[in-house]
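> Starting from these lines, generate the structure:
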Amino acid sequence: MFEVLTSEASYLRSLRVLKDHFLGSRELDDTLVIHDRKSLFSNVLQVYEVSERFMQDLLDRVDESVVISDVCDIIHRHAKEHFSVYIDYVRNQVYQEKTHSRLMQCNRAFCTVMHRLEESPLCRRLPFSSFMLLPFQRITRIKILIQSILKRTAEGSAEESSASRALAVVSEIIQEANTQVGQMKQMEELMHIANILEFDKLKAIPLVSKTRWLEKQGELQEFSKVGSLFGRFRFSPVYVFLFNDLLILTARKSVSPERFVVLDHAHRSLVQVQPVDISDPQLDHAFCLTLLENHQGNTCERLLKANTESDLHRWTAAFPSVSAQQEKQEKVYEDWDCPQVQCIRQYSAKQVDELSLECCDIINIIRKTNEGWYEGLRLSDRARGWFPQDSVTEVTNEHQRRRNLREQYRIAMATQTANHRAEV
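Residues are numbered from 1 along each chain as shown. Next up is the predicted model:
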């Protein structure tokens, strides 16, 4: 529990550097227009005030007794009444990063002053971008600390109830922040894709919609026979955009590689994938993509090849119309007997079907590939996705594995109970 206080004190000191050293710099302010200043620093002043009040209440608790009996009641109260500022800050983080990147590239005066400020001993050799991330990292850290406290409380005790309530509220704040960030990124991504697609002779379809999001994209190779029956295959690159409700097949423009010409499209529910079992080494990692009804209303088949075995698994698993049977064939581990790993190196997802990991995350492995990729289910929030093998280490101690499962189950049940009581 004491770690909540010490880590909050450290966070507040770093936040003060962001507020006083960067936001309070007159030199930096002179290089910014009002809109850029607002985008760059967001609501950091409100975040700082919330942290100060939270810290003061934690110090008051220490003054009451050297032995701290509980801090989760304080966390719960502040989370309900004040921590909503974190949602606003995290939601604006996308604009912060874009504004900072643009200013560093296009505003020479800003870049010069920023480098000078970052060289100050106050920054401890950390760049401005590290200070920008502080609020998001802090709210996530608070959740981890509550989980740690909850694991050490006696079942059925008042302390367990207090920790469960705090965890439920903080988890809800993080989920809401992530949801809003995700929605903003999805909309921006859709607008970007709509701008780079050219339907040419095909009838254009409106892409931007609140109910649509991109699930996967990437380049595949399409096969076509050249010459006689025994001729060789010809490879043509095809770039695929897979949305939750739509599949679009495109080709890069040779004169403008960042733009794509639409070749075909179909509703997601009318797309099927089948494995290809041919001994020809040219067809390694190949699969058959069937559009039951394409843009012309016709049924057509395309023979496609993924670059690696991992890509093949991930593309074929993306189509629920056939993945149920296929998963039975490909799934390596059952839920009750799967390997368990712990994250030792942070990983940020590069594709929508990947799973971002933080150090100490515990993940159950669903599938492995020979190329060093795992598909797994994170115990803390049941999020599922792919990640590289070198970012985790296997939990080989069976006692520790069972303990991880029991602890995560207890946390999940306690949070569920707290949410139910709050609703009632």
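> what about the strands in the stretch 201-350 of the chain?
Assigned by DSSP state E, counting those that start in this stretch, the stretch 201-350 of the chain shows strands spanning 214-225, 233-243, 246-252, 260-267, 271-275, 286-291, 300-305, 340-343.
> Any chance of JSON lines for those strands, columns mean pLDDT?
Shown next, in JSON lines, are these (pLDDT from 0 to 100):
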{"stretch": "strand 214-225", "mean pLDDT": "88"}
{"stretch": "strand 233-243", "mean pLDDT": "90"}
{"stretch": "strand 246-252", "mean pLDDT": "95"}
{"stretch": "strand 260-267", "mean pLDDT": "95"}
{"stretch": "strand 271-275", "mean pLDDT": "86"}
{"stretch": "strand 286-291", "mean pLDDT": "90"}
{"stretch": "strand 300-305", "mean pLDDT": "91"}
{"stretch": "strand 340-343", "mean pLDDT": "92"}
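> and of these, who's closest to Thr393?
strand 340-343 (5.9 Å; Cβ to Cβ). For every residue, glycine as well, the C-beta is placed using N, CA and C.
> and stretch 389-404, how far from the chain's centre?
If you compare the mean C-alpha spot of stretch 389-404 with that of the full chain, they lie 22 Å apart, counting by Cα atoms, centre = their mean, to the nearest Å.
> can you list the residues that contact it?
Contacts with stretch 389-404, where a contact means Cβ atoms under 8 Å, 6 or more residues apart in numbering, come from 339-347, 357, 362-363, 368, 372-374, 379.
> Now with 10 Å, please.
Around stretch 389-404, the neighbours that count as contacts under Cβ atoms under 10 Å, 6 or more residues apart in numbering are 151, 338-347, 355, 357, 359, 361-365, 368-369, 371-374, 376, 379.
> Poorly predicted segments of the stretch 101-250 of the chain, please.
Scanning the stretch 101-250 of the chain with the threshold set as pLDDT under 70 gives 225-233.
> For it, which segments count as helices?
Assigned by DSSP state H, counting those that start in this stretch, the helices in the stretch 101-250 of the chain fall at 108-118, 128-132, 134-151, 158-196.
> out of the ones you listed, nearest to Leu58?
When the helices of the stretch 101-250 of the chain are compared by Cβ to Cβ, helix 134-151 sits nearest Leu58, at 11.6 Å.
> on contacts alone, who are the packing partners of that closest one?
Here helix 134-151 touches helix 2-16, helix 44-64, helix 72-81, helix 84-91, helix 158-196, helix 398-423, going by 3 or more Cβ pairs under 10 Å, 6 or more residues apart in numbering; DSSP states H and E.
> okay, those helices in TSV with mean neighbour count and distance to Lys216 next?
Listed next are the helices and strands packed on helix 134-151 as TSV, based on neighbours: other Cβ atoms under 10 Å; distance: least, Cβ to Cβ, whole Å:
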stretch	mean neighbour count	distance to Lys216
helix 2-16	16	36
helix 44-64	16	35
helix 72-81	20	35
helix 84-91	20	25
helix 158-196	18	12
helix 398-423	14	28
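> Minimum distance to Gln137: which of those has it?
helix 2-16 (8.3 Å).
> packing partners for that closest one?
If you count contacts as 3+ Cβ pairs under 10 Å, 6+ apart, helix 2-16 packs onto helix 44-64, helix 72-81, helix 128-132, helix 134-151.
> Tell me which residues are up against it.
The contact list for helix 2-16 (Cβ under 10 Å, 6+ apart) reads 19, 24, 44, 47-48, 51-52, 54-55, 58-59, 61-62, 67-68, 71-72, 74-75, 122-124, 126, 130-131, 134-135, 137-138, 141-142, 145-146, 148-149.
> What helices and strands are in contact with the next helix or strand after that helix?
The helix or strand immediately downstream of helix 2-16 is helix 26-30, counting by DSSP states H and E. Counting contacts by 3+ Cβ pairs under 10 Å, 6+ apart, helix 26-30 packs against helix 34-41, helix 108-118.
> Among these, single out whichever gets nearest to Phe223.
Of all the helices and strands packed on helix 26-30, helix 34-41 comes closest under Cβ to Cβ, at 47.6 Å.
> Phe22: neighbouring residues, count only.
Phe22 sits with 23 neighbouring residues when counted by other Cβ atoms under 10 Å.
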